[in-house]
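Predicted model, plus sequence, below.
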There are 2 protein chains.
Amino acid sequence: MPPFFSFSIDAECLGSWARAGTIQTPHGTIHTPIFMPVGTQATVKSVSPEELHAAGTQIILANTYHLMLRPGSELIADFGGLHSFMQWDGPMLTDSGGFQVFSLGHLRKLSEEGAAFKSHLDGSPHLLTPESVMRIEAELGADIILPLDICAAYPCSVSEARAAMERTHRWAERALLAKEKYRPEQTLFGIVQGAFDPELRRQSASFIGNLPFPGLSIGGLSVGEPKQMMWDMLSYVTPALPRDKPRHLLGVGSPEDLVIGVGLGMDMFDCVLPTRVARHGGLFTSHGRVNIKSARFRAQHGPLEESCDCYTCRSYSAAYVHHLARTEEQLYYRLGSIHNIRFMLRLAGQLREAICAGNYPAFRDDFIARYVPASEKVREEQREKWKAARRT
Amino acid sequence: MPPFFSFSIDAECLGSWARAGTIQTPHGTIHTPIFMPVGTQATVKSVSPEELHAAGTQIILANTYHLMLRPGSELIADFGGLHSFMQWDGPMLTDSGGFQVFSLGHLRKLSEEGAAFKSHLDGSPHLLTPESVMRIEAELGADIILPLDICAAYPCSVSEARAAMERTHRWAERALLAKEKYRPEQTLFGIVQGAFDPELRRQSASFIGNLPFPGLSIGGLSVGEPKQMMWDMLSYVTPALPRDKPRHLLGVGSPEDLVIGVGLGMDMFDCVLPTRVARHGGLFTSHGRVNIKSARFRAQHGPLEESCDCYTCRSYSAAYVHHLARTEEQLYYRLGSIHNIRFMLRLAGQLREAICAGNYPAFRDDFIARYVPASEKVREEQREKWKAARRT
């Protein structure tokens, strides 16, 4: 383990792959399992750093793609990195930008060298290579950084999946080499790919897991496939990974994803979903996601959830939050986001407690029995809506 | 003076009509001169109650028109009034809704009885009368309430102006009578009208000033006329008002308006301008309004203004605020609004100090010499833009 990073396992829970761990980084300690709110453009949308801390946030994720384009990684470096630029003093992770190149960039051209693309903002040309990503992430200065990878589309053929995986592996080795030039206090995780082929997933887990990465991210999941397919893939990946490295499930997810993913050996989760659905009115409760704009909250005197300890629920009636949401007041976006972030972090803490107490399977089953998730159909409709909004 | 309200003059400044005063209300003390941030829909856009307090806010204003339509004054009454509905525990003022009926309502029909209109939200029919407004404002529960009045358009003929004023006077008497049925802890201010005719302004000031209102609002100004015309009107109104009642200049204004208005005898000011221009990038500094989106702030390491003690300037570089504004991040709207609110309240405090020290004229002249306001042309363009946006 490098001196600036450590991971220790505090407890494991028989009957599952769930474990509770502790990660040390230069900006502080992270207790796992953990959910990481996403601060795409150097801000978790509508929430201040103080509010993130108050909601129990231990680590946030920021997006290299967005920040390299605006305001630019050099400018951020000139401010001492993202931590001081955005005034977040806790641990931070940056992704590689690869995923956004594929989902947002125009005129992408992929080669062995890297990914050429045009900015979705102004059409300016850019090239990301395994090496340039290491430089850019060094400029951003997060505690944990990710290498450039290729996320295969869903669905795709096995040969496409294999080609993407093999290039991801070669890029991983180039990233490891390139990273040596930069800041030793940053820790580079490896990324496992392999699309939806069990054998490729096993191969990738084994290959990436055996490279000298102190942590591992699982990429290429939650890209439109049915949930069960994602869980199946994890059941191939986890046993092939080294036990002593933290495992990060990239871009996942919802409350139920957190609960299930932990049982499949995942330690770290990140997703825009909790803050994005909050902005559309979807708030998490122990019984499932509700829409705060619904007429049933119009005159509710108590908070959205009596047992919730978030700022929103401690301060305001559900009726007031409903009013702000219906009138599209900016304060709503903040109150809704804080509630969902706190929900995810309280849930992560409860999962950790359950694991430490040896009760994870019972906690999971109880949670799933109580919590009504958004249906596959609703999720698919929302995904299409967001895609359409992004294209405009 | 009623037992729930008092106004005392702490200092007056020779060579002007400026005075410093203290207002007592059931929800606390207000030191004047004071600026009141506007919370149209039971929220000062993007700012929390805690942040309002931290910015030095002593009293806020909420809009009866918007709240009677959504969520409805009865619902707010069921929550114990606006204070507890929105969790603002300080003094509060509600306007009468009249001004918004004229600017936002559809199919308005004005009669001696009152103002009939259709909601701009759903077309539902409503009737505001001097009596119904007292009931609605009692349900909202603000400390200071205003009676239904008629704001003449600019420009308008003297006969139109006189008719609107005379009806406003009759409605004022009806409001005083109707108010007796409701909550004694609420204080009803009178509203002076008279458009842009000196003689009408003097008449209205004298008439309304002699009714048993414990405070006076000056209406019908800042409705499109040149600034100098507004100041001229105040120079007719102020000498005709009783000295011992606080004077509120309705819907005004900018930093320079505050500085000049105080010298013309005004004690209280309210306006959406500081928060609205903030949302468009316009931030106040001691040298004038700047646009934070301007490229000059792209790499500024220090805060927007070194001497500013607001949360935004104490916490973030100008470059970060610039980045948030350029990327239209929601955190920007909050940071910009907090800065401008704090600027207005610090300015009100400085005006009070200057008055108490007998230095108001020098303070005013020094401020005006340093502060470059938005030009009349820019203001007119913005007004047209907002009007157009409102029509869509």
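Yep, that arrived. Numbering: from 1, shown residues only, chains lettered A, B, ... in the order given.

number of nearby residues for the residue of the stretch 1-150 of chain A found nearest chain B?
Closest residue of the stretch 1-150 of chain A to chain B, C-beta to the nearest C-beta: A:S46 (3.9 Å). Using the backbone N, CA and C atoms, a C-beta is placed for each residue, glycine as well. When counting by other C-beta atoms under 10 Å in any protein chain shown, one arrives at 25 neighbours for A:S46.

Quick one: residues contacting it.
Neighbour list for A:S46: A:T275, A:R279, A:Q330, A:Y333, A:R334, A:S337, B:E329, B:Q330, B:L331, B:R334 [criterion: C-beta atoms under 8 Å, 6 or more residues apart in numbering or on different chains].

Give me the phi and psi for it.
phi 80, psi 0 (degrees, to the nearest 10).

what's the nearest residue to it if we skip its chain neighbours?
In space, and not counting its chain neighbours, A:S46 is closest to B:Q330: 3.9 Å by C-beta to C-beta, 6 or more residues apart in numbering or on different chains.

how deep is that neighbour tucked in, by neighbour count?
The burial count for B:Q330: 20, using other C-beta under 10 Å.

Tell me if I'm right that it and A:Y333 touch.
Yes: counting by C-beta atoms under 8 Å, A:Y333 is a contact partner of B:Q330 at 5.6 Å.

For those two, list the residues in contact with both.
Shared contacts of B:Q330 and A:Y333, counting by C-beta under 8 Å, 6+ apart, come down to A:K45, A:S46.

Contacts only, for A:R334.
A:R334 touches A:S46, A:V47, A:E51, B:S46, B:S48, B:Q330, B:R334, counting by C-beta under 8 Å, 6+ apart.

Can you show me the helices along the stretch 251-392 of chain A?
Ranges of helices in the stretch 251-392 of chain A, per DSSP state H, counting those that start in this stretch, are A:255-263, A:273-279, A:311-315, A:318-326, A:330-356, A:360-370, A:376-391.

Now the last one: average pLDDT?
Pointing back at helix A:376-391 there. Across helix A:376-391, pLDDT averages out at 67.

Same question for the first one.
Regarding helix A:255-263, the rounded mean pLDDT is 98.

ok, now the fourth one?
Mean pLDDT, taken over the full extent of helix A:318-326, equals 98.

Please list the residues outside that helix that contact it.
A:281, A:292-294, A:297-304, A:312, A:329, A:331-332, A:335-336, B:41-43, B:70-71, B:75, B:79, B:85-87.

which parts of chain A sit against chain B?
A:41-43, A:45-48, A:70-71, A:75, A:78-79, A:85-87, A:298-299, A:301, A:315-317, A:319-320, A:323-324, A:326-327, A:329-331, A:333-334 (C-beta under 8 Å from any C-beta of the partner chain).

which among those residues end up buried?
Among these, those scoring as buried are A:41-43, A:45-48, A:71, A:75, A:79, A:85-87, A:299, A:315-317, A:319-320, A:323-324, A:326-327, A:329-331, A:333-334 (criterion: 16 or more other C-beta atoms under 10 Å in any protein chain shown).

Filter the contacts of helix A:318-326 down to the ones in strands?
Applying DSSP state E to those, no entry is found in strands.

Tell me which residues of stretch A:16-29 come out buried.
So stretch A:16-29, judged by 16+ other C-beta under 10 Å, has buried residues A:W17, A:A18, A:R19, A:A20, A:G21, A:I23, A:Q24, A:T25, A:P26, A:H27.

for stretch A:176-186, same thing?
A:L176, A:A178, A:K179, A:Y182, A:R183, A:Q186.

ok, now stretch A:61-69?
Quick answer for stretch A:61-69 (16+ other C-beta under 10 Å): A:L61, A:A62, A:N63, A:T64, A:Y65, A:H66, A:L67, A:M68, A:L69.

okay, these in JSON lines with pLDDT and distance to B:G98 next?
JSON lines is the format used below for those (pLDDT from 0 to 100; distance: C-beta to C-beta, whole Å):
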{"residue": "A:L61", "pLDDT": "98", "distance to B:G98": "50"}
{"residue": "A:A62", "pLDDT": "98", "distance to B:G98": "49"}
{"residue": "A:N63", "pLDDT": "97", "distance to B:G98": "49"}
{"residue": "A:T64", "pLDDT": "97", "distance to B:G98": "54"}
{"residue": "A:Y65", "pLDDT": "95", "distance to B:G98": "51"}
{"residue": "A:H66", "pLDDT": "96", "distance to B:G98": "47"}
{"residue": "A:L67", "pLDDT": "98", "distance to B:G98": "49"}
{"residue": "A:M68", "pLDDT": "97", "distance to B:G98": "53"}
{"residue": "A:L69", "pLDDT": "96", "distance to B:G98": "49"}
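
Adding secondary structure, write those out as JSON lines.
Shown next, in JSON lines, are the buried residues of stretch A:61-69 (DSSP: H, G, I helix; E, B strand; the rest coil):
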{"residue": "A:L61", "secondary structure": "strand"}
{"residue": "A:A62", "secondary structure": "strand"}
{"residue": "A:N63", "secondary structure": "coil"}
{"residue": "A:T64", "secondary structure": "helix"}
{"residue": "A:Y65", "secondary structure": "helix"}
{"residue": "A:H66", "secondary structure": "helix"}
{"residue": "A:L67", "secondary structure": "helix"}
{"residue": "A:M68", "secondary structure": "helix"}
{"residue": "A:L69", "secondary structure": "helix"}
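
Return the closest of those with respect to A:A357.
The closest of the buried residues of stretch A:61-69 to A:A357 turns out to be A:L61 (C-beta to C-beta; 28.7 Å).

quick one: that closest one and A:T187, what's the gap?
Between A:L61 and A:T187 the computed distance is 14 Å (C-beta to C-beta, to the nearest Å).

cool, A:R342 as well?
For A:R342 relative to A:T187 (C-beta to C-beta), the value is 27 Å.

Spit out the contact partners of the residue nearest to A:S46.
A:K45, A:S46, A:Q330, A:Y333, A:R334, B:S46.

Format these as JSON lines; extra columns: pLDDT and distance to B:Y236.
Output for the contacts of B:Q330, formatted as JSON lines (pLDDT from 0 to 100; distance: C-beta to C-beta, whole Å):
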{"residue": "A:K45", "pLDDT": "98", "distance to B:Y236": "50"}
{"residue": "A:S46", "pLDDT": "98", "distance to B:Y236": "47"}
{"residue": "A:Q330", "pLDDT": "98", "distance to B:Y236": "40"}
{"residue": "A:Y333", "pLDDT": "98", "distance to B:Y236": "46"}
{"residue": "A:R334", "pLDDT": "98", "distance to B:Y236": "45"}
{"residue": "B:S46", "pLDDT": "98", "distance to B:Y236": "38"}
